[in-house]
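this is the structure alone, sequence omitted:
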DNA sequence: GCCATTTAGTTGAGCGTTCAACCATTGCGG
DNA sequence: CCGCAATGGTTGAACGCTCAACTAAATGGC
């Protein structure tokens, strides 16, 4: 016997489409602004942020991929470009000869510092300014639940 | 005098990062599943959905771009591929000689019908199953607010 | 009615992501 | 301590998206 699809009810449908539209529009806007103002896509910005927060401004490629929510391959290509731009440097890992360590250069840090205010302003204007404090709290709980759920499946 | 950046406070920071991680993980998962099971990215699936819901299963390119939250250029490229796959057909617009009309073919409709159950199941499992009914409602309000806010700026 | 502007859509180059294949190294069971 | 699976990372091809430039047709002011 065929398994019946549990279709979305009208409320779920509406929620799903609104979520799609909102998150796509938000990401597109932030990405475009970052590309225009800092010459890099949001994914690269996030890599630089994670590096800047790590001790010694450096991370193993694997850890960086994990932190930035990226695949190994994606990160490899990305770091290659960031290295060509002079914003990141690669070093050999002393404890594991397979390993590579990505290091944020001073120039990379400076670029990040220059890009951050504009980007944060965008996040604030397009996300937080539109929501009440209660909604921000709701969004945090929802997002944390979803992130948790998605990594465990 | 320098304008001070209004940085994110810890709560906002946490919310933003959780939202980023969750929406990225969700989209990546759905995209990968759709690519594997139906041989198309989520953006193409959405184009087919919009066409399937339109009267006569057809829409002007501009309206389709609007409905799918896509740029004209992106849609043009996408429809070119969908046409090559035989899922969509282009027709001249009778009332505006600049216009093009994208028409969902029977084959396109069949492909969509075959892909839909699996995709909906994914949306349900990765999004709605993780949230309480109250959270779904909160997410709808938040998303609608954000979408509204983003299109008006 | 004519010219400038706007609108509709396409195109190609450049870039970022994905996927699968690949190499090197490490860890582990026997 | 040997062989083999698992891990860390890279690579190249294929693909989708963005941006800017472009053609063609419609519109609007005068």
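Thanks, I have it. Remember, predicted model here, so these are calculated numbers, not experimental data. Residues are numbered from 1 along each chain as shown, chains lettered A, B, ... in the order given.

so how far is the lengthiest helix in chain A off the chain centroid?
In chain A, assigned by DSSP state H, the helix with the most residues is helix A:10-38. Taking CA atoms, centre = their mean, to the nearest Å, one finds helix A:10-38 lying 14 Å from the centre of the chain it belongs to.

now do stretch A:102-115
16 Å.

ok, now stretch A:33-41?
14 Å.

likewise for stretch A:43-63?
Going by CA atoms, centre = their mean, where stretch A:43-63 is centred and where its chain is centred differ by 11 Å.

that stretch vs DNA strand C: in contact?
Yes: with CB under 7 Å from any atom of the strand as the criterion, DNA strand C is reached by stretch A:43-63 at A:43, A:44. For every residue, glycine as well, the C-beta is placed using N, CA and C.

rounded mean pLDDT for that stretch, please.
Here stretch A:43-63 scores 98 as its mean pLDDT.

what distance separates the start and the end of it?
In stretch A:43-63, first residue to last residue: 15 Å (CA to CA, to the nearest Å).

can you give me the buried ones in that stretch?
A:43-51, A:54, A:57-61 (16 or more other CB atoms under 10 Å in any protein chain shown).

so after the strand or helix carrying residue A:67, what's the next helix or strand?
Assigned by DSSP states H and E, residue A:67 belongs to helix A:61-68. Past helix A:61-68, further along toward the C-terminus, the next helix or strand under DSSP H and E is helix A:72-84.

for that next one, buried residues please.
The neighbour-count check on helix A:72-84 (16+ other CB under 10 Å) flags A:75, A:78, A:79, A:82, A:83 as buried.

not counting sequence-adjacent ones, nearest residue to residue A:141?
Computed as CB to CB, 6 or more residues apart in numbering or on different chains, the closest residue to residue A:141 that is not its neighbour in sequence is residue B:135, at 7.3 Å.

my bad, should have said residue A:33
Distances taken as CB to CB, 6+ apart put residue A:122 closest to residue A:33, at 5.1 Å, once the chain neighbours are dropped.

the one you found: which element?
With the criterion set as DSSP H and E, the secondary-structure element containing residue A:122 is helix A:106-126.

ok, that helix near DNA strand C or not?
No: applying CB under 7 Å from any atom of the strand, one finds helix A:106-126 separated from DNA strand C by no less than 13.3 Å.

name the helices or strands packed onto that helix?
Using 3 or more CB pairs under 8 Å, 6 or more residues apart in numbering or on different chains; DSSP states H and E as the contact criterion, the secondary-structure elements in contact with helix A:106-126 are helix A:10-38, helix A:42-53, helix B:133-151.

thinking again about what came up before, what helices or strands is the longest helix of chain A leaning on?
Using 3+ CB pairs under 8 Å, 6+ apart as the contact test, the elements touching helix A:10-38 are helix A:42-53, helix A:106-126, helix B:10-38, helix B:133-151.

same thing but at 10 Å, please
In terms of contact count using 3 or more CB pairs under 10 Å, 6 or more residues apart in numbering or on different chains; DSSP states H and E, helix A:10-38 is assigned the packing partners helix A:42-53, helix A:106-126, helix B:10-38, helix B:42-53, helix B:61-68, helix B:106-126, helix B:133-151.
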